[in-house]
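Asker: model the following, please.
(one chain, ligands or ions: 2)
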Amino acid sequence: EPSSTGSVLDGLDPEQRAAAGILDAPLLIVAGPGTGKTRTVTHRIAHLVTECGVPPGDCLAVTFTRRAATEMTQRLLGLAPRHTGEVTVDTFHSLGARILREQHARVGLGARFGIADHATQLAVATEVGGDDRRGRDLLKQLSRTRRAGGDPQRPLPDGAQRYRAKLRERDLVDFDELIELPVTLLESDQQLARLYRDRYRWISVDEYQDVDGQQYRLLWQLAAEPSGEPAGNLTAIGDPDQSIYRFRGADVGFFLRFQRDFPGARTVHLTRNYRSSTAILDGAQQVIAPDSLVPDRALRAAHSRDDARIGLHQAADPADEAAFVAGGIERLLGGTSFHSRDSGHVADEGDQALGLSDFAVLYRTDRQAAAIAEALTRAGLPFQKRSHDRLADRPGVAELLAELRYVPACGDPRDGGSGLADRLRRAARAAVDRLPGADQATTAELHTAVDLLLPLADRCDGDPEQLFTELSLGVEVDTWDPRADRISLLTLHAAKGLEFPAVFVVGCADGLLPLRWPGDGDDEESRREERRLLFVGMTRAQRHLYLSHAAGNGERSPFLAGLDANTSERIGDPVPRRKRRETQLRLL
Ligand code: ATP
Ligand code: MG
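Answerer: Ligands and ions are numbered 1, 2, ... in the order given. Purely as a prediction, here's the structure:
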């Protein structure tokens with residue numbers, strides 16, 4: 001805790017301190033990556049409870065992921081260990097669940113209601129629809145309505161009503177209802193809403209640019225009087241240029257209209273970036289510039305180090321590209337940066353040496369990870385891959401499994417595992433064909449699902465029934481540990497909010513980034529979101545950034561067109577491992 005003379009705000013720069021100190025109005029902190037948004041909001045809460053006499057129980061911080069919530073709790077513990085125990089740090093879903101636990105009887109739930117996983121959802125929907133296919137259609141229809149921010153009070157299609165009733169019979173809610181039910185409840189009972197407004201006088205929401213319609217309504221109930229007057233103090237933090245969840249219903253419009261929603265609100269900009277070198281920061285801004293949602297964003301690097309420029313590399317094919325990544329990591333671990341090897345430049349002079357956990361390899365789709373994993377394995381470099389939730393709950397998995405039942409086993413029954421692998425692939429193709437308007441997200445999900453299920457299919461020795469049993473037991477796929485001594489393999493989405501000294505973004509090819517599937521129309525907004533994804537990826541890097549693509553995957557991404565010679569340079573291959581060994585041997 002701060003000493004008697006110092007303030008908890010001493011850990012902030014003047015801009016950040018001014019933002020954290022605004023206590024008399026709703027507050028919007030708009031700032032680019034690495035400017036200390038998360039740090040500022042955490043210090044602000046610590047300031048409130050240790051220095052402003054705000055009871056910790058009045059404070060609510062909302063994040064999007066469990067990991068972000070844990071991270072914030074830990075930072076708070078470090079800043080104000082004696083006061084933070086009672087601060088509520090929730091994800092949107094845990095906040096919804098908290099309200100439902102307290103108000104369960106009001107919505108016809110028992111005190112110990114459960115949360116349906118995807119397999120259960122599908123089973124219930126199938127019961128309602130009569131068969132598997134109609135069940136899936138029903139779920140799809142529901143999620144489409146939800147993504148479109150459907151009014152929870154609007155009468156639902158008959159099937160949806162019965163689906164919900166059946167969930168209720170089993171004392172279950174599904175994941176989306178964790179937010180929808182509290183919204184309906186609070187919107188229809190203002191006395192109850194007032195109770196929660198009184199409880200949480202100080203609300204902070206990090207990554208506000210990714211709020212969706214339902215989450216917005218929930219926040220509105222907690223933060224505003226029916227008249228629209230702010231009830232407590234809502235602080236929203238975010239960066240419109242990092243909004244990357246439109247496909248899940250997020251709408252950056254909520255961020256952009258904050259000032260209209262809360263007319264007395266103050267808006268603050270943070271301009272100093274504490275994360276990245278000048279070349280990386282300027283390069284990222286060159287990439288986002290054509291579609292930036294923040295006019296006149298002028299981000300400056302707080303530490304202007306003489307770091308390497310962004311390395312651009314073209315490989316022949318994905319395996320070659322993966323070898324480039326593995327070779328590059330080896331060199332950086334050894335203390336040299338390969339793009340300036342002609343001049344004999346040694347990277348990180350005076351800087352801390354890099355360890356395995358300092359590296360991240362980022363990609364657009366999960367399936368790109370296989371080639372990287374193989375190259376790292378071959379090079380003997382330990383890595384960990386991040387995925388989020390239970391395998392059975394991953395998007396696309398349920399659809400794929402349902403489809404699998406219709407795909408007959410053919411070919412040689414003796415080839416067990418590979419026979420099942422083949423069936424999975426055919427099931428994915430069949431599912432894509434069957435969904436008339438299969439959007440790129442759905443198609444990508446199905447392909448990802450195949451990749452996820454293949455290792456499991458292998459383990460089950462090709463028995464499908466065994467596969468279903470395994471899945472219903474809830475195979476976990478989230479094993480990522482930020483502190484492990486391993487290289488991180490992450491999708492661009494999963495890298496949100498994180499930072500690493502050295503980052504490789506692979507697959508910077510037209511068609512992968514922006515991601516496009518055959519038959520896709522040209523959707524300008526999706527394309528802009530793809531650009532923002534690359535911006536998010538690039539801005540994870542502190543000192544070293546490499547952007548690569550494989551010629552076999554298509555032309556270089558058009559998003560790289562804005563990079564100039566001040567921020568980037570083309571680089572060739574690192575010295576291949578084998579050649580280096582030979583050289584060493586000769587030297588011996
Ligand atoms: P993103 O948009 O990626 O979520 P952010 O704006 O939330 O980024 P933070 O993660 O809070 O940024 O901060 C980025 C890095 O800069 C962190 O390592 C943080 O500790 C550091 N940092 C931020 N502000 C300061 C400061 N005033 N002094 C020193 N370090 C700082
Ligand atoms: Mg952040």
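Asker: so Thr35 versus Ser277, what's the distance?
Answerer: Distance, Thr35 to Ser277, using Cβ to Cβ, to the nearest Å: 15 Å. Backbone N, C-alpha and C define where each C-beta goes, glycine included.
Asker: Pro501 sits in which helix or strand?
Answerer: Per DSSP states H and E, Pro501 falls inside strand 500-505.
Asker: buried ones in that strand, by neighbour count?
Answerer: 500-505 (16 or more other Cβ atoms under 10 Å).
Asker: residue in the protein nearest to ligand 2?
Answerer: Thr38 (3.4 Å; Cβ to the ion).
Asker: can you pick out the most distant pair from the buried residues of strand 500-505?
Answerer: Pro501 and Val505 (14.6 Å; Cβ to Cβ).
Asker: tell me what the helix or strand containing Leu28 is packed against?
Answerer: Secondary structure from DSSP H and E places Leu28 in strand 27-31. Under the contact criterion of 3 or more Cβ pairs under 8 Å, 6 or more residues apart in numbering; DSSP states H and E, strand 27-31 touches helix 37-51, strand 233-238, strand 266-270.
Asker: with mean pLDDT, distance to ligand 1 and mean neighbour count as extra columns, can I get these in TSV?
Answerer: Rendered in TSV, the data for the helices and strands packed on strand 27-31 read as follows (pLDDT from 0 to 100; distance: least, Cβ to the nearest ligand atom, whole Å; neighbours: other Cβ atoms under 10 Å):
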stretch	mean pLDDT	distance to ligand 1	mean neighbour count
helix 37-51	94	3	24
strand 233-238	94	8	25
strand 266-270	94	7	18
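Asker: which of the ones you listed sits closest to Asp251?
Answerer: strand 233-238 (12.4 Å).
Asker: report the buried residues of the helix or strand just after the closest one.
Answerer: Heading C-terminal from strand 233-238, the first helix or strand you meet, by DSSP H and E, is helix 253-256. Buried residues in helix 253-256, counting neighbours by 16+ other Cβ under 10 Å, are found at 254-255.
Asker: is ligand 1 within reach of helix 253-256?
Answerer: No - between helix 253-256 and ligand 1, judged by Cβ under 6 Å from any ligand atom, nothing touches; the nearest distance is 13.1 Å.
Asker: return the distance of stretch 440-452 from the chain's centre.
Answerer: Relative to the chain's own centre, stretch 440-452 is displaced by 17 Å; criterion: Cα atoms, centre = their mean, to the nearest Å.
Asker: cool, and stretch 248-264?
Answerer: 20 Å.
Asker: give me the contacts around that stretch.
Answerer: For stretch 248-264, contacts defined as Cβ atoms under 8 Å, 6 or more residues apart in numbering pick out 25-26, 28, 146-149, 208-214, 216, 220, 224, 228, 230, 234, 236, 238, 240, 243-244, 246, 265, 267, 293.
Asker: how about stretch 17-31?
Answerer: 9, 12, 37, 40-41, 43-44, 47-48, 52, 208, 223, 230, 233-240, 255, 258-259, 262, 264-271, 294.
Asker: what residues sit buried inside that stretch?
Answerer: Under 16+ other Cβ under 10 Å, the buried positions of stretch 17-31 are 17, 19-22, 26-31.
Asker: so which of those residues reach ligand 2?
Answerer: With Cβ under 5 Å from the ion as the criterion, those include none near ligand 2.
Asker: so which of those residues is the closest to Arg112?
Answerer: Pro26 (36.8 Å).
Asker: show me the shaky parts of the stretch 201-350 of the chain.
Answerer: 226, 228, 231-232, 305-306, 337-350 (pLDDT under 70).
Asker: and Thr91, how many neighbours?
Answerer: Other residues near Thr91 come to 18 when the count uses other Cβ atoms under 10 Å.
Asker: roughly how far apart are it and Pro514?
Answerer: In this view, Thr91 and Pro514 are 29 Å apart by Cβ to Cβ.
Asker: now swap in Ser188 and tell me
Answerer: Ser188 is 42 Å from Pro514, by Cβ to Cβ.
Asker: pick out whichever of those two has more residues nearby.
Answerer: Pro514 (23 against 12).
Asker: count the neighbours of the closest residue to ligand 1 within the stretch 251-400 of the chain for me.
Answerer: Proximity to ligand 1, evaluated over the stretch 251-400 of the chain using Cβ to the nearest ligand atom, is greatest for Tyr274 at 3.2 Å. Look at Tyr274: counted by other Cβ under 10 Å, it has 16 neighbours.
Asker: close to ligand 1: what parts of this structure are there?
Answerer: By Cβ under 6 Å from any ligand atom, the part of the chain that sits against ligand 1 consists of 12-13, 16, 31, 33-39, 239, 242, 274-275, 497, 499.
Asker: please redo it, this time with the cut-off set to 5 Å
Answerer: Proximity of the chain to ligand 1, by Cβ under 5 Å from any ligand atom, involves residues 13, 33-39, 274-275, 497.
Asker: which of those sit farthest apart?
Answerer: Asp13 and Gly497 (19.8 Å).
Asker: out of these two, which sits in the more crowded spot?
Answerer: Neighbours were counted for Asp13 and for Gly497 using other Cβ under 10 Å; Gly497 has more, 19 against 16.
Asker: so what does that one have for phi and psi?
Answerer: Gly497 adopts backbone torsions of phi 80, psi -10, taken as degrees, to the nearest 10.
Asker: give me the residues contacting the one helix or strand Ala69 maps to.
Answerer: Using DSSP H and E, Ala69 sits within helix 66-79. Contacts to helix 66-79, defined as Cβ under 8 Å, 6+ apart, come from residues 1, 8, 11, 38-39, 42-43, 45-46, 50, 61, 63, 84, 87, 89-91, 94, 206-207, 497.
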